[in-house]
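Chemist: Dropping a prediction and its sequence here:
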Protein chains: 2
Amino acid sequence: MKQKGVSKKDRQSSLLDKIRKDPFLTDEELAEFFCVSVQTIRLDRLELSIPELRERIKNVAEENHTKVKSLQGKEIIGELVDLELGKSGISILETDHALAFEKTNVVKGQHIFAQAESLAIAVIDASVALIGVANIKYKSPVFAGDKLVAKAEVQRTRGNKYFVWVFIKAKQAEVFRGKFILVSFNK
Amino acid sequence: MKQKGVSKKDRQSSLLDKIRKDPFLTDEELAEFFCVSVQTIRLDRLELSIPELRERIKNVAEENHTKVKSLQGKEIIGELVDLELGKSGISILETDHALAFEKTNVVKGQHIFAQAESLAIAVIDASVALIGVANIKYKSPVFAGDKLVAKAEVQRTRGNKYFVWVFIKAKQAEVFRGKFILVSFNK
DNA sequence: CTGCATTTAGTATCTGGTACTAATATTAAT
DNA sequence: ATTAATATTAGTACCAGATACTAAATGCAG
C-alpha cells in the first residue's frame, strides 16, 4: 500500500497540516505540491472533511473579524463609566478566560496594569500624556470572570507632571494599587 | 435626480458604510436591502471601487491572519535570546510606532511592562507561574524604534515564591526596573 | 490472475462574481 | 412637450473554484 514514497495516510495527515498552516491554498496548488491529481486532493478533503478554499478563508475572516472588534472596543482598556477630566475617573473591566492563564484561570497582570494605566491616562487626557513612573502593587490574584472596578484620582499636579493614584477592586477586595506619574507634552 | 426617497449618492455612501460594517454581504443581499437591481449594486461597487465579496472576505482573512500570527509570536513579549531556567533570562523587544502614542511617539508603558512581566514568568516557567506583586519604576521614556533589552534575575526563592528583578535598557540607559514576585502553583 | 483500493479523468452543475452590450426609465433643462 | 443626459435594469458570455457524480485506469497484495 505504498507508492513513490508516500502512502495515502501520510499524504492526508500532511495535507491536514499543510492546510492548517496555510488555509489559502487551492486544490490545484495542493495537487501540485503533493504530485497528485486535483481529484485526489478533493477526495482527501472529502474524507478528512476539510472545507473548500472559500469556506476556509471565510472561517478565518469570521473568526478574526469579531476578535478585531473586541480589541478596538478596548482602546481604553475597560469601560469608562465616570470621568471628571483632570480630577478622577472610574472604569470597569469584565475579565474572562482570554485574559487569564489557561491552566490556573488567573488573570494576567498586564491586563490589570493596562486597565489602570489607560484609566490614569484618560483622566489626564489620553492624547498627550505619557507614563513617567509607576509604583505598583498587586494585592491578590484576580480570576477570570471577576469584574474589576478601577478608580483613579489625581493627587496633585506640579508643572506638567500629574500624580495619579489608581485602585482596582474585585468584589469589594482591593486587588491592585498603583501611582502613575504622567507628563503632559502639550503646552 | 431623486427617486423613491434615496438618490444615487445617498445610496452609494450608505453602501460604503454597509459593506464596511459587514463585508460578508453578497450583491444580491445588498440589492434586496437597497431595493435596486443587482446590476445597480455592481455599478455602484465599480464606481466606488469596492471589491467583490470574495475579495473582501479574503482581505479580512489575510489582514487578521498575519495579526494573529504576530500575536501568537508574542506569547512572550519580545524575543527570548537567553534563558537559564530558574536563574536568569534576557529578552529583546524592537519597538515601533504600533506600540507608541501616535502624537508623541513615546512607547506605551504597558508594552514595556508586558515585556518585563513575560520575561519574569518565562524565567520561572510560564505555564504555572503567576504574578503576585510587582514594584515598578519607569526611569525615562522610550521612543518608537528603540531596542529594549530586558534582563531578569531570580533574586531568591522562598517556598513556592520567586523574587525576580527585571531591568530594561535602551541604548545603555536604564529605562525600567521592577521586582516581580511570582507564585508557582505546581507542587 | 483476481479483486479491491486508490487514483485519475471527465462531465454537469453551482455560486458569486466580471465584462460587456443594449434597452428602458427618470429627470432636468430648454 | 421634447430632448438630452443620467440612472437603472436586463441579458449574455465567461471565469474561478469548487461539488456531485460516473467511469476508467493503475496499483499491489494475496
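Modeler: Now that the structure is in, tell me what you want to look at.
Chemist: next SSE after the helix or strand of chain A with the lowest mean pLDDT?
Modeler: Per-element confidence for chain A was summarised using mean pLDDT, DSSP states H and E. The lowest value among helices and strands belongs to strand A:129-138, with a mean of 57. For strand A:129-138, the succeeding helix or strand toward the C-terminus, using DSSP states H and E, is strand A:147-158.
Chemist: and the helix or strand following that following strand, does that touch chain B?
Modeler: Helices and strands here follow DSSP H and E; after strand A:147-158, the next one along the chain is strand A:161-170. No - contact between strand A:161-170 and chain B is absent, the nearest approach being 12.5 Å (criterion: Cβ under 8 Å from any Cβ of the partner chain). Glycine gets a C-beta too; all of them are placed from N, C-alpha and C.
Chemist: how far is strand A:161-170 from where the chain is centred?
Modeler: Taking Cα atoms, centre = their mean, to the nearest Å, one finds the center of strand A:161-170 at 23 Å from the center of the full chain.
Chemist: Going by contacts, tell me the helices and strands next to the following helix or strand past that strand.
Modeler: The C-terminal neighbour of strand A:161-170 among helices and strands, as given by DSSP H and E, is strand A:173-184. Applying 3 or more Cβ pairs under 8 Å, 6 or more residues apart in numbering or on different chains; DSSP states H and E, one finds that strand A:173-184 makes contact with helix A:109-124, strand A:129-138, strand A:147-158, strand A:161-170.
Chemist: what's the closest of those to DNA strand C?
Modeler: Smallest distance to DNA strand C across those (Cβ to the nearest atom of the strand): 38.8 Å, for helix A:109-124.
Chemist: show me what contacts the residue nearest to A:Glu174 when sequence neighbours are not counted?
Modeler: If you skip the residues right next to it in sequence, A:Glu174 has A:Lys139 as its closest partner in space, 5.3 Å away by Cβ to Cβ, 6 or more residues apart in numbering or on different chains. A:Lys139 sits next to A:Ala173, A:Glu174, A:Val175, A:Phe176, A:Arg177, B:Val133 when contact means Cβ atoms under 8 Å, 6 or more residues apart in numbering or on different chains.
Chemist: how about low-confidence regions in chain A?
Modeler: Within chain A, the set of residues satisfying pLDDT under 70 comprises A:1-6, A:63-76, A:125-136, A:158-161, A:183-187.
Chemist: residues from it in reach of DNA strand C?
Modeler: In this structure, chain A approaches DNA strand C at residues A:Met1, A:Gln3, A:Ser7, A:Lys8, A:Arg11, A:Val36, A:Ser37, A:Gln39, A:Thr40, A:Leu43, judged by Cβ under 7 Å from any atom of the strand.
Chemist: who touches A:Asn105 in this structure?
Modeler: Counting by Cβ under 8 Å, 6+ apart, A:Asn105 makes contact with A:His97, A:Phe143, A:Ala144.
Chemist: quick revisit: check the contacts of A:Lys139 and tell me the two furthest apart.
Modeler: Distances among these were taken as Cβ to Cβ; the most separated pair is A:Ala173 and B:Val133, at 15.0 Å.
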